[in-house]
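> Quick one: sequence plus predicted model below, questions after.
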Amino acid sequence: MLGVQVPPGLPVFPEKKADDMEKIKFLMDKAVQFLTQAKAELKKVTWPTRKQTLASTGVVMVIVAVMALYLGIIDLILAKLVKIILG
């Protein structure tokens, strides 16, 4: 580095080389390849119909409501038990 000493702890940046451009090109090629393959895989996916989506959503909502009711009742019972025990 032309006889200049860099104090310890400071980063030293090497000069840009043609090799760096090759690395960047390689990484860009890999990114494009990944996106192309991802697009091809998404075309293979069997997407649910609107009817199937609505039916699944309904099932999930019913299960959530039942679980909320169950946990609410259990919480109420346990709260009353603690109130009785603690007086």
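Alright, I've got the coordinates. Numbering: from 1, shown residues only.
> how deep is V32 tucked in, by neighbour count?
V32 has 10 neighbours, counted by other CB atoms under 10 Å. Quick note: C-beta positions are derived from backbone N, CA and C, even for glycine.
> what does M21 give?
10.
> separation between it and L35?
Distance of M21 to L35, computed by CB to CB, to the nearest Å: 21 Å.
> do I84 as well
Per CB to CB, I84 is found 63 Å from L35.
> which residue ranges form the helices in the protein?
Secondary structure of the chain (DSSP state H): helices at 18-44, 50-86.
> now stretch 59-66: how far from the chain's centre is it?
Stretch 59-66 sits 25 Å away from the centroid of its parent chain (CA atoms, centre = their mean, to the nearest Å).
> Where among the helices of the chain is average confidence lowest?
Ranked by mean pLDDT, these bottom out at helix 18-44, which scores a mean of 91.
> Could you give me the buried positions within that one?
Using 16 or more other CB atoms under 10 Å as the test for burial, helix 18-44 gives no buried residues.
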